[in-house]
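A.B. asks: please find the sequence and the predicted model below.
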Amino acid sequence: MIHGWGTDSQIWGSFKQSLDSYAEVNTLDLPGFGDAPSLDDYSEASLISWMAHSLPSHCYLIGLSLGGMLCRAFAAQYPERVAGLITISSNLQFVASEQYPHAMAADNFNSFTDSWAEDSQACLKRFAGLQSQGDIQQRQLIRTLRGMESKIDTVAGKELLALLGRLDNWPTMAKIQCPSLNIFGQIDALVPLAAAEQIADSVIIPGAGHLPHLTATDDVVEKISHFFESQRYRLDKEKVAESFGRAAKRYDAVAQLQHRIGEQLLNSISPADCPENIVDLGCGTGYHSVQLQARFPASRVTGVDISPGMLSYAQNCYPACYWLCSDAENLDLASASQDLIFSNFALQWCDDLPRLAAELYRVLAVNGQLYIVVPGPQTLVELRAAWAEVDDGVHVNRFASLQQWQAAFTEAGLNTINLQSSAVTEQHQSVRELLLELKNVGAHNNNAGKANHLTGKRQLKALYNAYEQFRLPDGTLPATWEIISGYIVKD
């Protein structure tokens with residue numbers, strides 16, 4: 001955690017302890033602030049170099065105001081070292097310009113820097129007032145800030161204030177590769193609310209000023225914990241593609257549930273429809289692509305999948321069909337080009353449901369139809385519960401709920417939504433048989449975050465023992481699948 005200008009690490013207060021349950025949290029004082037030694041050079045390059053020497057080799061960064069701007073610059077230059085980036089009240093530019101008006105007026109900033117040179121203590125009191133201004137807890141906050149005895153070297157304060165006026169995060173934003181969360185106070189006197197509209201992945205804290213982490217701690221912690229949780233379950237699409245590619249040759253032999261449910265969905269499509277263009281999205285081995293072609297012989301059916309290995313297998317089996325390697329969240333298809341999109345057990349491998357829904361809306365023609373099957377959150381509930389008794393690792397992929405799918409499609413502009421959820425229970429002779437089946441269909445855990453893989457005899461033995469609580473009277477072990485299925489129409 002890196003603080004902003006005008007205070008040292010004391011500015012985090014008890015907020016640091018609020019995050020201790022999510023990660024090992026450390027604070028870093030900027031050079032010349034707190035007990036940190038000063039620098040000879042306070043250029044942006046020098047500060048980034050200082051961060052490179054001071055930070056762990058891999059971490060999440062949380063930066064407040066100036067600290068957040070520096071964290072963005074660091075993440076852009078050292079992407080391999082930043083797992084995720086959280087900024088609080090950090091604008092792209094602190095001082096407004098002709099190109100970027102959503103910041104403090106230059107005259108006001110210049111007046112502020114002049115006041116530092118005249119009387120640094122009076123300047124800090126003025127800054128405390130600005131940080132508190134408008135906040136629902138303004139009086140209490142200003143007392144808290146003025147009660148802090150932050151150590152600030154006078155020269156360091158001057159140099160970092162000048163750097164704050166020069167920093168420009170616009171060029172760095174496109175270079176940031178890690179997941180990001182940008183938190184803003186609704187009534188911030190230093191960073192206008194309009195700035196949040198310029199920055200993706202932003203959230204607004206109602207009634208808060210420049211220091212929402214102090215006056216709306218629970219709200220800010222909830223936003224950050226949700227961010228951490230989403231990264232814990234974030235999918236690694238490269239791993240997904242490789243996993244399914246390795247499973248291609250044996251997939252059809254073991255994917256009996258997937259094929260059975262997919263055929264039910266396909267048979268629900270009226271043969272009287274005459275779609276000109278059809279996409280089998282997440283086509284895998286092409287099993288349903290050829291069925292779609294047989295059902296609609298006059299249509300052009302294109303099998304789309306993210307896995308080159310799966311597509312290579314499909315092309316060898318069905319050379320007469322059309323095949324396209326593409327990500328469902330960024331389809332290499334023309335807008336309004338598809339009359340029917342069919343997707344069976346594939347869209348659950350997308351992290352960003354709103355983005356996915358918007359992309360499907362874009363590709364669908366007017367009156368185009370989307371038929372989908374995806375697993376719901378109660379899928380493999382027994383396996384998830386058994387693993388929870390072994391350790392706290394991520395062993396089972398997390399799946400979106402029916403309500404989340406409906407909300408995403410509605411937000412994208414798709415109004416005719418007919419989805420339902422049902423439960424199907426598969427039975428297995430052993431946990432090993434279940435795990436092997438999941439591996440053979442490429443559907444084992446492929447999270448990008450820290451994961452505990454299925455290694456170690458002791459760990460597996462503990463899992464087998466924990467799963468015994470679910471054994472049925474006939475001696476088999478159940479594996480529940482929540483099936484979300486139905487159709488959506490682009491009116």
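C.D. replies: Structure received.

A.B. asks: quick check on Pro179: phi, psi?
C.D. replies: Reported as degrees, to the nearest 10, the phi and psi values for Pro179 are phi -60, psi 140.

A.B. asks: contacting residues around it?
C.D. replies: Contact analysis of Pro179 by C-beta atoms under 8 Å, 6 or more residues apart in numbering lists 84-85, 201, 227, 230-231, 234. From N, CA and C alone the C-beta is placed, and that goes for glycine too.

A.B. asks: report the contact partners of Tyr467.
C.D. replies: Neighbour list for Tyr467: 382-383, 386, 431, 477 [criterion: C-beta under 8 Å, 6+ apart].

A.B. asks: meant to ask about Phe94, not that
C.D. replies: Phe94 neighbours (C-beta under 8 Å, 6+ apart): 65-66, 69, 103-104, 109, 164-165, 167, 190-191.

A.B. asks: output the residues you listed as a markdown table; include the columns distance to Ala336 and neighbour count.
C.D. replies: Output for the contacts of Phe94, formatted as a markdown table (distance: C-beta to C-beta, whole Å; neighbours: other C-beta atoms under 10 Å):
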| residue | distance to Ala336 | neighbour count |
| --- | --- | --- |
| Ser65 | 44 | 27 |
| Leu66 | 46 | 24 |
| Met69 | 41 | 27 |
| Ala103 | 39 | 19 |
| Met104 | 44 | 20 |
| Phe109 | 48 | 18 |
| Leu164 | 47 | 23 |
| Gly165 | 47 | 16 |
| Leu167 | 42 | 21 |
| Leu190 | 44 | 22 |
| Val191 | 40 | 23 |
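
A.B. asks: for the chain, what helix or strand is lowest in average pLDDT?
C.D. replies: Within the chain, no helix or strand scores below helix 237-254, which has a mean of 84 by mean pLDDT, DSSP states H and E.

A.B. asks: for that helix, name the packing helices and strands.
C.D. replies: On a contact count with 3 or more C-beta pairs under 8 Å, 6 or more residues apart in numbering; DSSP states H and E, helix 237-254 meets helix 308-317, helix 431-440.

A.B. asks: wait, a strand at Leu266?
C.D. replies: No. Per DSSP: H, G, I helix; E, B strand; the rest coil, Leu266 lies outside any strand segment and is helix.

A.B. asks: can you confirm Val304 is in a strand?
C.D. replies: Yes. Per three-state DSSP, Val304 lies within a strand segment.

A.B. asks: check it and give its pLDDT.
C.D. replies: Per-residue confidence (pLDDT) for Val304: 97.

A.B. asks: give the contact list for it.
C.D. replies: Residues in contact with Val304 (C-beta under 8 Å, 6+ apart) are 279-283, 323-326, 328, 331, 333.

A.B. asks: still on that earlier bit, show the buried residues in the contacts of Pro179.
C.D. replies: 84-85, 227, 230-231, 234 (16 or more other C-beta atoms under 10 Å).

A.B. asks: ok, now which ones touch the closest residue to Arg166 other than its chain neighbours?
C.D. replies: Distances taken as C-beta to C-beta, 6 or more residues apart in numbering place Glu44 nearest to Arg166, at 7.3 Å, with adjacent residues excluded. Counting by C-beta under 8 Å, 6+ apart, Glu44 makes contact with 70, 73, 163, 166-167.

A.B. asks: one more time with 7 Å
C.D. replies: Glu44 is in contact with 73, 163, 167, counting by C-beta atoms under 7 Å, 6 or more residues apart in numbering.

A.B. asks: okay, the angle between the least confident helix or strand of the chain and helix 431-440?
C.D. replies: Going by axes from the mean of the first three to the mean of the last three C-alpha atoms, to 10 degrees, helix 237-254 is angled at 120 degrees with respect to helix 431-440.

A.B. asks: report the buried residues of helix 237-254.
C.D. replies: Within helix 237-254, the residues that count as buried by 16+ other C-beta under 10 Å are 237, 240-248, 251-252, 254.

A.B. asks: check the offset of that helix from the chain's centre.
C.D. replies: 24 Å (C-alpha atoms, centre = their mean, to the nearest Å).

A.B. asks: got the angle for it vs helix 308-317?
C.D. replies: Angle, helix 237-254 to helix 308-317, by the same axes, to 10 degrees: 40 degrees.

A.B. asks: returning to that earlier point: can I get the helices and strands packed on helix 237-254 in TSV including mean neighbour count?
C.D. replies: Formatted as TSV, the helices and strands packed on helix 237-254 follow (neighbours: other C-beta atoms under 10 Å):
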stretch	mean neighbour count
helix 308-317	18
helix 431-440	17
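
A.B. asks: any chance of these in TSV, plus mean pLDDT?
C.D. replies: Compiled in TSV, these are given as follows (pLDDT from 0 to 100):
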stretch	mean pLDDT
helix 308-317	93
helix 431-440	89
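
A.B. asks: now render those as CSV, adding distance to Val155.
C.D. replies: Below are the helices and strands packed on helix 237-254 laid out as CSV (distance: least, C-beta to C-beta, whole Å):
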stretch, distance to Val155
helix 308-317, 57
helix 431-440, 61
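
A.B. asks: let me know which of those is the nearest to Ala128.
C.D. replies: Smallest distance to Ala128 across the helices and strands packed on helix 237-254 (C-beta to C-beta): 56.4 Å, for helix 431-440.
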